[in-house]
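[1] Next one to model:
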Amino acid sequence: MVVIGNGGAEFGVRGYVTAYDAASGAKKWRFYTVPNPDGRPDGEASDRALGTHAAATWSAGGQWRQSGGGGTVWDAIVYDAALDQLYIGVGNGNPWNHGLRSGGEGDNLFLSSIVALSPDSGEYLWHYQETPGETWDYTATQPIILAELDGRPVLYHAPKNGFFFVLDRRSGRPLSADMFTKVNWATGYDPATWRPIEAPEARFYRTGKPFLAVPAPIGAHSWQPMSFSPATGLVYLPVNDIAFAYLPPLLPGDDQPRPLGFNTGTNLTEGGLPRDPALVKAAIAATRGALVAWDPAARRARWRVDYPTPWNGGTLATAGNLVFQGTALGELRAYAADSGRQLWALPTQSGVMAAPATYTLDGTQYVAFTTGRGGAWPLTAGAAGGAANQVPSIPRLIVLKLGGTARLPAVETADLPFDPPAQTASADTVLAGKRLFARYCSVCHGSGAVGGGVTPDLRRSGLLGDAAAWRSVVLDGALTDRGMVSFRAVLDPAGAEALRAYVTGEAHYARSQQQARAGGSVGTR
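    From the prediction side, this is the model:
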């Protein structure tokens, strides 16, 4: 069989996994991860489990009935040959805001859960929910590792919420749940119930006040794979230390879903970085990454390597006592698996996110990895991306062997000046554009229109000085074949012009900062 899930919870979908016959492509079964919003059975493998376990954990009202509820299974799907079980990691809710999604009521199963299924029929076997009533985009979709611990078949999982879980694969019963990095939304898990002990202020929709959460929606660990070495007994985990301000919706209409853009049920406008250079510098300094060697038996980190930026690559552990990992700043590194001592590094000219792989061919061992930046953090971080924003995204497959002599070609880089048109819009128009940008644009073009090195830097766009050309892209979809679809469904010409005014203002600010760094005038018009 081929088993595949779906993605896009923020865009308003209902999660599921489907099994297909590998030879014919015929559908064998489907398991939905959240109840049918219309209350009816689906006629699928999930019907009994949803009726028995999940339905009562969702409110009778709430936006989940319009949005589908989320719960997409966009990464972790693992088959356990020893127990003949299939494990799926379920994603976040839609909208994020539990208060809007389900009236702040219920655990909303099977969001943020590990669910075990029968691979032949899709029948439910067991589940464990890591983040009940999920409201912070804390998915459980991160990679799953199967192992043995003290003679017991276990499952290792390090999801976005910052806790490392060890589950008994036969029953789903947690054996441990420990912080593997900084966490403030909860202080731990109650071993009697295995529910998180939440900080009272974490549920921002109840308090009506901002909550500066660690980890951020990016996650303490995202999709970049972790690896396990039976020789050391350690799990090698790429970690992100990032904070994020969750705020309830403040503007009229922001609490309602829209047909385009992310629907989170939170205020994204006020959560960006301020313009104070000192505060921006401090925020960048506090936004870091790490490689953590976690000991599941001792329930603690054995060693840790800190990085100046988050969103580093997945890991590969080898029998030769090595751990390979790429970095956001453009290196592939090798560490001693037992001690964390760095042994080697290769400049790669681009960020590395995926995990390397190793194989042998005709008696020669190779290590292969892909380069290229992308994903949620480079797209959305804006100025908080720091030095990683200057690292190009170059998609390559690089293959290494001992004694290899190939060299990477030279890469030309240039720090282009900012050359925006004169700002003629009113302060109110710029503010309106800022709010629209946060709602519809920031998820791809970054906070403050800083592209992060993946999408174009809109502050340098040649269209800023041409209102008609700008509208042709934003409203008419002139660049649809390049991935920039029309936003006419949610924006009118006045909204498009407000966006242009906001980005123009950001370009002027960026130019002033560039001039200050250069000590003179740069690119004036």
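[2] If you rank every helix and strand of the protein by mean pLDDT, what lands last?
    Counting by mean pLDDT, DSSP states H and E, the weakest-scoring helix or strand in the chain turns out to be helix 277-286, with a mean of 78.
[3] Flag every buried residue along that one.
    Across helix 277-286, burial judged by 16 or more other C-beta atoms under 10 Å covers V280, A283, I284. C-beta coordinates here come from the backbone N, C-alpha and C atoms, glycine included.
[4] quick one: contacts for the last one?
    Read that as I284. A383, A384, G386 (C-beta atoms under 8 Å, 6 or more residues apart in numbering).
[5] ok, the first one - contacts?
    Contact partners of A383, counting by C-beta under 8 Å, 6+ apart, are L273, V280, A283, I284, N389, S447, G448, V450.
[6] again with the last one
    The contact partners of G386, taken as C-beta under 8 Å, 6+ apart, are I284, T287, P308, T309.
[7] Likewise for the second one?
    Applying C-beta under 8 Å, 6+ apart, one finds that A384 lies in contact with I242, L273, V280, A283, I284, T287, S447.
[8] re the thing from before, just put the buried residues of helix 277-286 in TSV and tack on distance to R299.
    Shown next, in TSV, are those (distance: C-beta to C-beta, whole Å):
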residue	distance to R299
V280	37
A283	32
I284	32
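[9] Relative to E506, which of those residues is nearest.
    V280 (13.0 Å; C-beta to C-beta).
[10] picking up where we left off before, just the contacts of A383 now: which is nearest I218?
    Nearest to I218 among the contacts of A383, counting by C-beta to C-beta, is S447 at 12.4 Å.
[11] Quick check, that closest one in contact with W377.
    No - counting by C-beta atoms under 8 Å, S447 stays clear of W377, with 11.3 Å between them.
[12] more crowded one of those two?
    W377 (28 against 21; other C-beta atoms under 10 Å).
[13] Identify the spatial nearest neighbour of that one, chain neighbours not counted.
    W311 (4.1 Å; C-beta to C-beta, 6 or more residues apart in numbering).
[14] Tell me how many other residues crowd the one you found.
    Neighbour count for W311, taken as other C-beta under 10 Å: 27.
[15] So it, which state does it fall into?
    What DSSP: H, G, I helix; E, B strand; the rest coil gives for W311 is coil.
[16] E201 - how many residues pack around it?
    15.
[17] Any stretches of this structure with poor pLDDT?
    250-252, 269-274, 414-415, 520-525 (pLDDT under 70).
[18] between the helix ranked longest in it and helix 277-286, how many degrees?
    Longest helix of the chain, by residue count under DSSP state H: helix 493-518. Angle, helix 493-518 to helix 277-286, by axes from the mean of the first three to the mean of the last three C-alpha atoms, to 10 degrees: 90 degrees.
[19] by contact count, what packs against helix 493-518?
    In terms of contacts (3 or more C-beta pairs under 8 Å, 6 or more residues apart in numbering; DSSP states H and E), helix 493-518 is packed against helix 427-436, helix 467-474.
[20] Residues contacting the last one, please?
    Contacts with helix 467-474, where a contact means C-beta under 8 Å, 6+ apart, come from 463-464, 478-479, 484, 486-487, 491, 493, 496-497, 499-500.
[21] okay, it in CSV with CA atoms only?
    Only the C-alpha atoms of helix 467-474 are listed here, as CSV (Å, rounded to 0.1, in the frame of the first residue of the first chain):
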residue,chain,number,x,y,z
ALA,A,467,0.3,51.4,-9.3
ALA,A,468,-1.2,49.7,-12.4
ALA,A,469,1.5,47.1,-12.6
TRP,A,470,1.2,46.4,-8.9
ARG,A,471,-2.5,45.9,-9.3
SER,A,472,-1.9,43.6,-12.3
VAL,A,473,0.0,41.2,-10.0
VAL,A,474,-2.0,41.5,-6.7
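[22] Any buried residues in that helix, and which?
    Quick answer for helix 467-474 (16+ other C-beta under 10 Å): W470, R471, S472, V473, V474.
[23] Please name the nearest non-neighbouring residue to Q224.
    Ranked by C-beta to C-beta, 6+ apart and with sequence neighbours excluded, the top spatial neighbour of Q224 is G314, at 4.0 Å.
[24] picking that back up, flag every buried residue along the longest helix of the chain.
    495-508, 510-511, 513, 515.
[25] Over to stretch 118-127?
    Residues P119, G122, Y124, L125, W126, H127 are the ones in stretch 118-127 that count as buried (16+ other C-beta under 10 Å).
[26] quick check, nearest of the buried residues of helix 277-286 to G261?
    A283 (24.3 Å).
[27] rewinding a little: using CSV, lay out the contacts of A383 together with distance to Y440.
    Formatted as CSV, the contacts of A383 follow (distance: C-beta to C-beta, whole Å):
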residue, distance to Y440
L273, 19
V280, 23
A283, 24
I284, 25
N389, 22
S447, 13
G448, 15
V450, 16
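[28] wait, isn't the residue nearest to Q224 in contact with M226?
    Yes - here G314 reaches M226: they are 7.1 Å apart, a contact under C-beta under 8 Å.
[29] so what sits against both of the two?
    Common neighbours of G314 and M226 (C-beta under 8 Å, 6+ apart) are P238.
[30] and the residue nearest in space to the middle of the chain, what is it in contact with?
    The residue lying closest to the centre of the chain (C-alpha atoms, centre = their mean) is I218, at 4.1 Å. Shown in contact with I218 (C-beta under 8 Å, 6+ apart): K160, N240, I242, F244, P310, W311, A376, W377, T380.
[31] Now stretch 240-254: buried residues?
    Going by 16+ other C-beta under 10 Å, stretch 240-254 has these buried residues: N240, D241, I242, F244, A245, Y246, L247, P248, P249, D254.
[32] Tell me which entries of these lie within strands.
    If you go by DSSP state E, the buried residues of stretch 240-254 have N240, D241, F244, A245, Y246 in strands.
[33] tell me what the host helix or strand of L316 is packed against?
    Assigned by DSSP states H and E, L316 falls within strand 315-318. Where contact means 3+ C-beta pairs under 8 Å, 6+ apart, strand 315-318 is packed against strand 227-229, strand 234-241, strand 322-326, strand 357-361.
[34] For L416, find the nearest of the ones you listed.
    strand 322-326 (26.8 Å).
[35] That closest one pairs with which strands?
    Strands that pair with strand 322-326, judged by DSSP bridges, come out as strand 315-318 (antiparallel), strand 331-336 (antiparallel).
[36] could the ones you listed go into a markdown table alongside distance to I4 and mean neighbour count?
    Below are those laid out as a markdown table (distance: least, C-beta to C-beta, whole Å; neighbours: other C-beta atoms under 10 Å):
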| stretch | distance to I4 | mean neighbour count |
| --- | --- | --- |
| strand 315-318 | 24 | 22 |
| strand 331-336 | 30 | 20 |
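[37] Of all those, which one is nearest P456?
    strand 331-336 (25.6 Å).
[38] Tell me the buried residues in the helix or strand just after that closest one?
    Proceeding N to C from strand 331-336, the next assigned helix or strand is strand 342-347, under DSSP H and E. For strand 342-347, the buried set under the neighbour-count rule, 16+ other C-beta under 10 Å, comprises L346.
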